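**Q** generate a structure from the sequence data that follows.
(2 chains)
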Amino acid sequence: MLISLAWSSLCSRKKSVILTFLSLLISISVLISVEHIRQQAKTSFNRTISGADLIVGAPSGQLNLLLYSVFRMGDPTSNIDYQSYEMLKNDQQVAWVIPISLGDSHRGFRVLGTNGDYFTHYQFGDKKSLEFTAGKPFAGMFDTVIGADVAKTLGYQVGDEIVVAHGIGHTSFSHHDHSPFVISGILKPTGTPVDKSVHVTLPAIEAIHLPPSQLAKILDGGGEESVQPDSVTAVILGLKTKFATFKLQRDLNNYQADRLMAVLPGVALAELWQMMGTVENVLRVISVLVLLSSLFGLSTMLLASMNERKGEIAVLRTLGAGPSVIFGLVLLEALMLVVIAIASAISLVSGALALFSDELAAHYGLFLSANLLSWETLQIAVIIALASIITSVIPAFEAYKKALQSRLSA
Amino acid sequence: MKVVNTDESVHSVESAHSATSGDSMISGDSATNGKNADSIKHNAPLAINLQSVRYSYGTSSSETVLDIPHWQLAQGERVFLHGDSGSGKTTLLNLLSGILTPTQGSIELLGQPFSVLSARRRDAFRARHIGVVFQQFNLVPYLSVLKNIQLANYFAAKRDRQIEESASALLAKLNLPVNVMHKAANTLSVGQQQRVAIARALINQPELLLVDEPTSALDASARDAFMDILLNMCENAGASLVFVSHDMSLQRFFSTSIDMPSLCQGKGNAAC
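**A** Next up is the predicted model:
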């Protein structure tokens, strides 16, 4: 009965109630989205690479190595010897290796030098391997495999010839004009930085940095064996048994023939989250403040309605409703409004995520689940409800006082 | 001392007695027909029993707005209480309904101590045993007529399962069309609202009905119809009625009428 009464009371003040509801809806949506994206971003980052046990590169920070080798963020500091790659490849404990050579770009997209192992061993998400929409992996030296985004943005198709430039800007001063790369394959979308990469062979990377005369000789045919890479940027490797991970990491860090650093992707990611923590907290604080302001708006709306509800309160008093019932009624109204706002916010954010998940995956590499019904969301909902009760105590107490002072024939 | 009295009344006003005179239990001894009064008194307990009730806003006696040494009303009796504005009528109703408590003295309702109860229990008592009809604004405006009536039932904690049937029966007796049940109260005419207010006041079959200027917003014909219905319903329900108005023309509907000042301690009390 009280619930029905509270509901009718809210309905009788539609305009102000709807405005308050919208303000609550927006602020709760912001809070829920921030929390959801915060958690999902981690999942999304974590799924960029899977199955890899170690990433080996030149000594710098472990986060730095992870960012440039896997996320294509920032620039590699220096390279490691090609012999080191071969040493890893031949190690008894190692199951597979993927060499990576970075530093060049094609119209804003990073160029990644590697070999055929990349397409067989690289895994993302729940141990998914790369698949081709069209074409096939490298066959010849200048064959190129492009990510889904590259193909979509630049409108490339299998068989197109492209030019690769040194450096990573759109406009690079040293265009490698005489190197006709041919697109041999296009990868399926993965929602990882792979989509934004242009993959070429390691010898090709070497070749475009040769003097023009030598390059011309190679293009004219023959001498392909002469371009042997002497370095790679990083090596991603998987082990036959996980137990060997730490031992191999230690061995590599103490390797005498080359200066190497091996990092565990998971540990490096953890370091990333630690750094992101501050930004996350700022976002959370802002969204909590926005929520607080709309809860105060709710409180203000209820308080402002108290004068016009004097008569109504008097009627309820006459019927035998005690001041505490009136107090509870106002709290109930606030709580109902907030609960509806929470439910609407959850469906709104879910709907928006379902609608824009492709966009987000394509532009930000964020793979967000549209399913918000998690334990964390429930916790947030409960906290919001409690906060709304606390802020609504002010108008409820006002109603309580009104009820106490209420007289017959008011 | 002024008593407008007729044969069946046991009502009495004894303003001459002081609050401590000790004869407060005796009523109807001087001004009424003793035999009738005694028989009614024995058969029906008192609906209202006021003993040296005084109400003042402040602590000083100059702020006293009501001072009733002694007043009783038998159950089933209907009384017209009149007086000018400021004569303390509304204060008396507030005291009788338990919204206010007397500064001094005691109020018994239906043979039970009332003014000494806690606020919560007074509220519960009011919900269960007292029906109230005001001048206007009797209903929660945004609720339907049925919801308004159900609300009264809800607070009385009676949980009447046939509430809808009882309500429609009451509304039919009040000459209200059936289709008003699900209309919002504020879409009804004032006359209809007042009749719905009676239905709401009577839904819990209260022993006591307090009515305050219910007809002031009605025109003459609506007023007479309203009065007939009210008294009729009241008689059928066997409820005691305290009807408060400054409109002396309504006196003809009642066998008993009391002048407010005569109820009060007259001398030296400007407020009363």
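**Q** and the residue of the stretch 101-250 of chain A found nearest chain B, helix, strand or coil?
**A** With C-beta to the nearest C-beta, the shortest gap between the stretch 101-250 of chain A and chain B falls at A:G191, namely 51.3 Å. Every C-beta, even on glycine, is put in place using the N, C-alpha and C of the backbone. With DSSP: H, G, I helix; E, B strand; the rest coil as the basis, A:G191 sits in coil.
**Q** beta partners of residue 55?
**A** Assuming you mean chain A. Taking DSSP bridges as the rule, A:I55 bridges to A:I236, A:V263.
**Q** switch to chain B, please.
**A** Beta-bridge partners of B:Y55, counted by DSSP bridges, are B:L66.
**Q** measure it to A:V282 for me?
**A** To A:V282, B:Y55 is 61 Å away according to C-beta to C-beta, to the nearest Å.
**Q** what is the burial count for A:L252?
**A** When neighbours are defined as other C-beta atoms under 10 Å in any protein chain shown, A:L252 has 21 of them.
**Q** wait, it sits on A:L54?
**A** Yes: contact criterion C-beta atoms under 8 Å: A:L252 and A:L54 qualify, at 7.5 Å.
**Q** mind listing the shared neighbours of those two?
**A** Residues within reach of A:L252 and of A:L54 at once, by C-beta atoms under 8 Å, 6 or more residues apart in numbering or on different chains, are A:A262.
**Q** list the contacts for the closest residue to chain B within chain A?
**A** Chain B sits closest to A:G320 of chain A, with a gap of 2.3 Å, by C-beta to the nearest C-beta. Taking C-beta under 8 Å, 6+ apart as the criterion, A:G320 is in contact with B:123-128, B:152, B:155-156.
**Q** just how off-centre is stretch A:346-355 within its chain?
**A** In terms of C-alpha atoms, centre = their mean, to the nearest Å, the centre of stretch A:346-355 is found 16 Å from the chain centre.
**Q** what's the answer for stretch B:168-177, then?
**A** Here stretch B:168-177 is found 22 Å from its chain centre; the criterion is C-alpha atoms, centre = their mean.
**Q** now do the buried residues in it.
**A** B:168, B:170-171, B:173-174, B:176 (16 or more other C-beta atoms under 10 Å in any protein chain shown).
**Q** circling back: can you lay out the contacts of A:G320 as a markdown table showing neighbour count?
**A** As requested, the contacts of A:G320 are exported to a markdown table (neighbours: other C-beta atoms under 10 Å in any protein chain shown):
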| residue | neighbour count |
| --- | --- |
| B:D123 | 25 |
| B:A124 | 18 |
| B:F125 | 20 |
| B:R126 | 28 |
| B:A127 | 23 |
| B:R128 | 16 |
| B:A152 | 25 |
| B:F155 | 23 |
| B:A156 | 23 |
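**Q** show me what from chain B comes close to chain A.
**A** B:90, B:93-94, B:97, B:99-100, B:119-120, B:123-128, B:132, B:134-135, B:137-143, B:147, B:150-152, B:154-156, B:200, B:210, B:212-213 (C-beta under 8 Å from any C-beta of the partner chain).
**Q** restricted to helices, list those.
**A** B:90, B:93-94, B:97, B:119-120, B:123-128, B:147, B:150-152, B:154-155, B:200 (DSSP state H).
**Q** okay, now the residue of the stretch 101-250 of chain A closest to chain B: neighbour count?
**A** Around A:G191 there are 22 other residues, counting by other C-beta under 10 Å.
**Q** shaky segments in the stretch 101-250 of chain B?
**A** Applying pLDDT under 70 to the stretch 101-250 of chain B picks out residues B:160.
**Q** from it, which residue is nearest to chain A?
**A** Per C-beta to the nearest C-beta, B:A127 is where the stretch 101-250 of chain B lies closest to chain A, at 2.3 Å.
**Q** that residue is in contact with A:L319, isn't it?
**A** Yes: proximity of B:A127 to A:L319 meets the contact threshold set by C-beta under 8 Å, at 6.1 Å.
**Q** so what's the closest residue to A:S324 other than its chain neighbours up against?
**A** Of all residues not flanking A:S324 in the chain, A:Y400 sits nearest, at 7.3 Å (C-beta to C-beta, 6 or more residues apart in numbering or on different chains). By C-beta under 8 Å, 6+ apart, the contact set of A:Y400 is A:323-324, A:326-327.
**Q** need the mean per-residue confidence for stretch A:250-257.
**A** In this model, stretch A:250-257 carries a mean pLDDT of 90.
**Q** for A:V282, helix, strand, or coil?
**A** Per three-state DSSP, A:V282 ends up helix.
**Q** and B:A47, how far is that from chain A?
**A** 18 Å (C-beta to the nearest C-beta, to the nearest Å).
**Q** show me the contacts for the nearest residue to that residue once chain neighbours are set aside.
**A** Nearest residue to B:A47, sequence neighbours excluded (C-beta to C-beta, 6+ apart): B:S240, at 3.8 Å. With contact set as C-beta under 8 Å, 6+ apart, B:S240 has these partners: B:47-48, B:73-78, B:207-209.
**Q** and if you look at B:A217?
**A** By C-beta under 8 Å, 6+ apart, B:A217 lies in contact with B:135-136, B:190, B:194.
**Q** how about A:L112?
**A** A:72, A:100-102, A:197-200.
**Q** from those, which land in strands?
**A** Taking DSSP state E as the definition of strands, the contacts of A:L112 contribute A:100-102, A:197-200.
**Q** is B:Y142 in contact with A:A6, as I believe?
**A** No: applying C-beta under 8 Å as the test, B:Y142 and A:A6 come out as separate, 11.4 Å apart.
**Q** buried set for the longest helix seen in chain B?
**A** Longest helix in chain B by number of residues (criterion: DSSP H): helix B:220-237. In terms of neighbour count (16+ other C-beta under 10 Å), helix B:220-237 has its buried residues at B:222-223, B:225-227, B:229-230, B:233-234, B:237.
**Q** likewise stretch A:124-134?
**A** By neighbour count with 16+ other C-beta under 10 Å, stretch A:124-134 contains the buried residues A:124-125, A:130.
**Q** distance to chain B and secondary structure added to those residues, as TSV?
**A** Shown next, in TSV, are these (distance: C-beta to the nearest C-beta, whole Å; DSSP: H, G, I helix; E, B strand; the rest coil):
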residue	distance to chain B	secondary structure
A:F124	57	strand
A:G125	54	coil
A:L130	63	coil
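**Q** can I get those in TSV including pLDDT?
**A** Shown next, in TSV, are the buried residues of stretch A:124-134 (pLDDT from 0 to 100):
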residue	pLDDT
A:F124	88
A:G125	81
A:L130	91
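**Q** just put the buried residues of stretch B:168-177 in a markdown table and tack on secondary structure.
**A** Below are these laid out as a markdown table (three-state DSSP):
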| residue | secondary structure |
| --- | --- |
| B:S168 | helix |
| B:L170 | helix |
| B:L171 | helix |
| B:K173 | helix |
| B:L174 | coil |
| B:L176 | coil |
